[in-house]
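Peer 1: Quick one: sequence and predicted model below, then my questions.
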Amino acid sequence: METGDIQSPATVRVWDPLVRIFHWSLVGLFTFAFLTGDEWQKPHEVAGYVIAGLIGFRVIWGFVGSRHARFASFIYRPSTVAGFVTDTVRMKARRYLGHNPAGGAMVIALLLVLAAISLSGFMMTTDAYWGVEWVEELHEASAFAALGLIGLHVGGVIVAGFEHGENLVRAMITGRKRAPGPDDIA
């Protein structure tokens, strides 16, 4: 290597194309559905049905998908999640190649709240639950809970990216992250 050449760090594939398509489709569809809620009923419902389908796909992919897509690779005990968050606050959290414990908990929380939104939204289209106040309230509360979780997720991505010197948004676009070092958890 000549003087002045900068060698890029080695990268490895982490996020398979289906995980990335799922993620960015969900981002776009949730944004669309949230913004059109009371204003554009039919497209809002279609977005909701597609989101429900994506959730179903992600649950299946969580059992049979690629290594880092599988739930078994990122579901941790609550004490592990709490310890990771504590370490993150101190900026001493270990780097994980796939989802870290907080990120894994966020995936599960988002899937659950999105499922609640989808189910309550579907219920609102049926004769049995059309106009039922608690179903509408559940739908709206779940949508705002999802916004809160999304805010925490984005904040976590920013903090982890800063802490580990890594562009996690780019990783979710390309599927690649910096190869694990000796202190990282692959």
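Peer 2: Happy to help now that I have it.

Peer 1: Every contact and neighbour count from this point should use C-alpha atoms.
Peer 2: Fine.

Peer 1: what number of residues lie near Gly151?
Peer 2: 12 (other CA atoms under 10 Å).

Peer 1: Surely Met91 is within a helix?
Peer 2: No: read with DSSP: H, G, I helix; E, B strand; the rest coil, Met91 is coil and lies in no helix.

Peer 1: any idea of the pLDDT on it?
Peer 2: We note a pLDDT of 94 for Met91 in this prediction.

Peer 1: phi, psi of it?
Peer 2: phi 60, psi 40 (degrees, to the nearest 10).

Peer 1: Could you check how many residues crowd around it?
Peer 2: Neighbour tally, Met91, other CA under 10 Å: 14.

Peer 1: With adjacent residues omitted, what lies nearest to it?
Peer 2: Setting aside the residues directly before and after it, Met91 is nearest to Glu163 in space (CA to CA, 6 or more residues apart in numbering), at 6.3 Å.

Peer 1: and that neighbour, how far is that from Ile75?
Peer 2: Using CA to CA, to the nearest Å, one obtains 22 Å as the distance from Glu163 to Ile75.

Peer 1: can you tell me how far Val14 sits from Arg178?
Peer 2: 9 Å.

Peer 1: Phe63 too?
Peer 2: Spatial separation of Phe63 from Arg178 under the definition CA to CA is 25 Å.

Peer 1: So which of those two has more stuff around it?
Peer 2: With other CA under 10 Å as the criterion, Phe63 and Arg178 differ in neighbour count, and Arg178 comes out ahead with 17 against 13.
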